[in-house]
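[1] Here you go, sequence then predicted model.
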Amino acid sequence: MLVLEWIGVGVLVLLVAIGVLFARRAWVTRSGGIIRVSVRVSTILDGRGWSPGFARFAEQELRWYRMFSFALRPKRVLHRRGLVVERRRLPEGQERLIMPADWVILRCVSHQAPVEIAMAKSTVTGFLSWLESAPPGAVSHLALHD
């Protein structure tokens with residue numbers, strides 16, 4: 001009987017954890033402006049290191065949240081000022097296995113560090129529009145080289 005109790009506790013903890021993940025996502029996405037984005041968090045192995053998530057446009061920032069995290073704060077914040085899209089490419093090699101067929105990878109450079117982000121082709125248009133529509137006086141740089 002003790003084993004069944006522990007199994008029940010384990011299932012309950014798992015269900016609560018899943019519920020917290022869904023509640024976190026609902027809390028972050030409540031104000032809209034959400035896009036599906038994967039960010040390359042590690043470049044140790046070629047074609048690997050991608051982490052799925054979602055991003056939210058917030059005035060001068062793109063705030064990226066990991067899909068499977070309990071954190072309420074974004075894992076990465078890209079500031080519009082100083083952000084440059086250096087290159088656009090299609091997924092290659094193993095990346096094609098983990099990303100949807102219509103996704104594009106953008107290599108961006110900012111004041112912080114270079115970052116690769118992947119998103120749907122239709123989302124790229126909105127992202128580039130957001131990047132170009134910087135407020136008056138701000139410099140927006142796009143250096144797309146296909």
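    That came through fine. Numbering: from 1, shown residues only.

[2] going forward, measure contacts and count neighbours with C-alpha atoms only.
    Fine.

[3] For this structure, give me the ranges with low pLDDT.
    Within the chain, the stretches with pLDDT under 70 are 24, 28-29, 31-32, 43-47, 112, 134-146.

[4] Which stretches in it count as strands?
    34-40, 50-58, 61-66, 76-79, 84-89, 103-109, 115-120, 141-142 (DSSP state E).

[5] Quick check: the gap between Leu4 and Val11.
    10 Å (CA to CA, to the nearest Å).

[6] what's the burial count for Ala113?
    Look at Ala113: counted by other CA atoms under 10 Å, it has 9 neighbours.

[7] still on that earlier bit, can you pick out the residue with more neighbours from Leu4 and Val11?
    Val11 (12 against 9).

[8] so who does the more buried one touch?
    Val11 makes contact with no residue under the criterion CA atoms under 8 Å, 6 or more residues apart in numbering.

[9] ok so, going back, redo the strands of the chain as JSON lines? Include mean neighbour count and distance to Ser133.
    What follows is the strands of the chain, written out as JSON lines (neighbours: other CA atoms under 10 Å; distance: least, CA to CA, whole Å):
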{"stretch": "strand 34-40", "mean neighbour count": "20", "distance to Ser133": "18"}
{"stretch": "strand 50-58", "mean neighbour count": "19", "distance to Ser133": "13"}
{"stretch": "strand 61-66", "mean neighbour count": "22", "distance to Ser133": "12"}
{"stretch": "strand 76-79", "mean neighbour count": "18", "distance to Ser133": "13"}
{"stretch": "strand 84-89", "mean neighbour count": "18", "distance to Ser133": "13"}
{"stretch": "strand 103-109", "mean neighbour count": "20", "distance to Ser133": "17"}
{"stretch": "strand 115-120", "mean neighbour count": "20", "distance to Ser133": "19"}
{"stretch": "strand 141-142", "mean neighbour count": "15", "distance to Ser133": "11"}
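
[10] Please produce TSV containing the ones you listed, extended by distance to Glu95.
    Formatted as TSV, the strands of the chain follow (distance: least, CA to CA, whole Å):
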stretch	distance to Glu95
strand 34-40	11
strand 50-58	8
strand 61-66	18
strand 76-79	21
strand 84-89	11
strand 103-109	10
strand 115-120	10
strand 141-142	24
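
[11] between the ones you listed, which one is nearest to Val20?
    Nearest of those to Val20, taken as CA to CA: strand 61-66 at 13.9 Å.
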